[in-house]
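Novice: attaching a predicted model along with its sequence, questions to come.
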Amino acid sequence: WTQYSHPEDYPSIPHFSPLVGVSHTRFYTLWNNNGFANKGIQDIAELGSTVSAIKEFKSERNTFNYSIGKLSDPVDTDMVTVTMRGAVKQTFLSAAAMIAPSPDWFVGFSRVQMCENYRWVSFMTGVLVGFDAGTDSGLTYMAPDQPTRPYQTIRRLLGSPTMGVPFGTFEITPVG
């Protein structure tokens, strides 16, 4: 995420909030494109806060392990590395971090399957695209707070100012 890749309305101090990730079963969803944001995702996307998401992880029986980490500092790098511990039945991984500043935008991945043919994959890579959590109607990075009522569904950022350009890539490495 650089001024070169995102020249329109580029903020003066761009950054990501701490990344929160969780390993889970197929019965759990942290967030889903075209789904509604829960309190955990809303707080991550609007405030950069992981408190609600962690409370959810701790109370949810289909989650195993969660982690909080930094994405990239400074943001002008294009690779994010995620290391997570899974378990036999918790073979999915989801994560999110706020794009900051922003109204309610975040990057992340959802329900990435880390096992193939009953074996852990050695690593996985993907593209970090931006999403709008659907809880604030701001249209620019520095827009004032404009709560959306009723909430809209989570959707990929495709228009101005991001123009759908990815914010980076990620690499996931499972650990034993």
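Specialist: Nice, thanks for sending it over. Just so you know, these numbers come straight off a predicted model, no measurement behind them.
Novice: so the nearest residue to F64 once chain neighbours are set aside: helix, strand or coil?
Specialist: Counting by CB to CB, 6 or more residues apart in numbering, Q90 is the residue found nearest to F64 once chain neighbours are left out, at 3.6 Å. Backbone N, C-alpha and C define where each C-beta goes, glycine included. For Q90, the assignment made with DSSP: H, G, I helix; E, B strand; the rest coil gives coil.
Novice: try E46
Specialist: Recorded secondary structure, E46: helix (three-state DSSP).
Novice: what's the neighbour count on it?
Specialist: Number of residues near E46 (other CB atoms under 10 Å) recorded here: 22.
Novice: can you give me the distance of it to S137?
Specialist: Distance of E46 to S137, computed by CB to CB, to the nearest Å: 12 Å.
Novice: equivalent analysis for P101, please.
Specialist: 15 Å.
Novice: again, but for R156
Specialist: Distance, R156 to S137, using CB to CB: 17 Å.
Novice: so the closest residue to S5 other than its chain neighbours is in which element?
Specialist: Leaving aside its sequence neighbours, S5 sits nearest to V165 (CB to CB, 6+ apart; 5.5 Å). Of the helices and strands defined by DSSP states H and E, none includes V165.
Novice: what's the neighbour count on V165?
Specialist: For V165, the neighbour count with other CB under 10 Å is 15.
Novice: swap in A95?
Specialist: Applying other CB under 10 Å, we find 30 residues neighbouring A95.
Novice: look up phi and psi at E8.
Specialist: phi -80, psi 120 (degrees, to the nearest 10).
Novice: and the residue most central in space within the chain, what is it in contact with?
Specialist: Central residue of the chain (CA atoms, centre = their mean): A96, 2.0 Å from the mean position. Listed by CB atoms under 8 Å, 6 or more residues apart in numbering, the contact partners of A96 are L19, V20, G21, L30, W31, I41, I44, A45, A53, F106, V107, G108.
Novice: which ones among those residues map onto helices?
Specialist: Among those, the ones falling in helices (DSSP state H) are I41, I44, A45, A53.
Novice: after the helix or strand of the chain with the lowest mean pLDDT, which helix or strand is next?
Specialist: Lowest by mean pLDDT, DSSP states H and E among the helices and strands of the chain is strand 79-85, with a mean of 56. With elements assigned by DSSP H and E, the helix or strand that comes after strand 79-85 is strand 92-100.
Novice: tell me the gap between that next one and the middle of its chain.
Specialist: The chain centre lies 2 Å from the centre of strand 92-100; the measure is CA atoms, centre = their mean, to the nearest Å.
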